[in-house]
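A.B. asks: fold the stuff below for me.
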Amino acid sequence: MPNYKIQLDAFFISHRHNYFGHKDKTPSSHETFMPDTIDCVTQKGIVGDRFYDLKKNYDGQVTFVNSEVVDLIQEQHDKSKVKAELFRRNIMISGVNVIELIGKQFEIDGVVFEGVKHCAPCHWMDVSMGKGVMKLMKGRGGLRVRVLKGGRLKLGETQLLCNDSLAFEMTQALSRPKLP
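C.D. replies: As a prediction, this is how the structure comes out:
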């Protein structure tokens with residue numbers, strides 16, 4: 001099984017929703033926590049996160065975003081407003097393009113995930129970080145996954161195992177036909 005050297009750069013957990021379910025309302029201001037470790041539970045998600053055990057077979061039990069994409073958007077936008085926690089993704093990762101993991105099973109430190117679909121950006125990107133961020137994120141908003149086998153992840157360098165070869169440029173956007 002091919003393995004890829006990756007870095008788990010940051011974890012983001014929020015107990016409550018700031019944007020989800022707030023259409024046409026003011027966002028909430030629930031705190032985002034940045035722990036050094038997270039516990040992923042089979043078919044439930046991350047312990048303590050707002051999407052934990054939301055519903056059976058939920059496609060966004062955990063979300064990933066590429067650090068390289070966050071860096072690119074910070075370079076092309078107002079870096080002081082574009083903070084990693086505002087992307088509202090759970091895991092910030094570098095070393096492999098998460099978009100390539102759509103439709104694939106992969107493993108990190110014994111935790112097995114199924115890449116379900118693109119984590120499409122929404123209008124809250126512009127609200128929370130400034131006009132134009134949603135457009136920059138289009139096609140590179142991250143990955144929604146299910147947890148197939150739980151375990152603990154910790155920040156730092158590790159390996160991602162996947163049966164498929166991965167070769168995309170880190171910041172390459174999805175083409176239009178694959179977007180949700």
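A.B. asks: shouldn't Gly151 be in contact with Ile38?
C.D. replies: No - no contact is recorded between Gly151 and Ile38 when judged using CB atoms under 8 Å, the distance being 9.8 Å. (Each C-beta comes from the backbone N, C-alpha and C, glycine too.)
A.B. asks: for the residue most central in space within the chain, phi and psi?
C.D. replies: Residue closest to the mean C-alpha point of the chain, counted by CA atoms, centre = their mean, is Phe64 at 1.9 Å. The phi and psi values for Phe64, taken as degrees, to the nearest 10, are phi -120, psi 150.
A.B. asks: OK, contacts around Ile13?
C.D. replies: Neighbouring residues of Ile13 by CB atoms under 8 Å, 6 or more residues apart in numbering: Thr32, Phe33, Met34, Pro35, Ile38, Ile46, Gly48, Asp49, Asn90.
A.B. asks: still on that earlier bit, contacting residues for the residue nearest to the centre of the chain?
C.D. replies: Arg89, Asn90, Ile91, Met92, Ile93, Val98, Leu101, Cys119, Gly142, Leu143, Val145.
A.B. asks: I'd guessed Gly103 sits against Gly115; true?
C.D. replies: Yes - applying CB under 8 Å, one finds Gly103 in contact with Gly115, separated by 6.2 Å.
A.B. asks: okay, the two: which has more neighbours?
C.D. replies: Legend: neighbour count by other CB atoms under 10 Å for Gly103 and Gly115, higher for Gly115 (21 against 11).
A.B. asks: so what's the residue lying closest to Ser67 once chain neighbours are set aside bridging to?
C.D. replies: Closest residue to Ser67 apart from its sequence neighbours, by CB to CB, 6 or more residues apart in numbering: Ser94 at 4.0 Å. When assigned by DSSP bridges, Ser94 has beta-bridge partners Gln7.
A.B. asks: model confidence for Ser94, exactly?
C.D. replies: For Ser94, the pLDDT comes out at 94.
A.B. asks: ditto for His17
C.D. replies: pLDDT, His17: 53.
A.B. asks: next: the one 5 residues further on.
C.D. replies: pLDDT, the model's per-residue confidence, is 44 for His22.
A.B. asks: that older thread, go ahead and confirm the residue nearest to Ser67 touches Lys5.
C.D. replies: No - at 9.8 Å, Ser94 and Lys5 do not qualify as touching, with contact defined as CB under 8 Å.
A.B. asks: who's more crowded, these two?
C.D. replies: Under the criterion of other CB under 10 Å, the comparison of Ser94 against Lys5 puts Ser94 first, with 19 against 11.
A.B. asks: how long is stretch 44-55 end to end?
C.D. replies: Taking CA to CA, to the nearest Å, the first and last residues of stretch 44-55 lie 8 Å apart.
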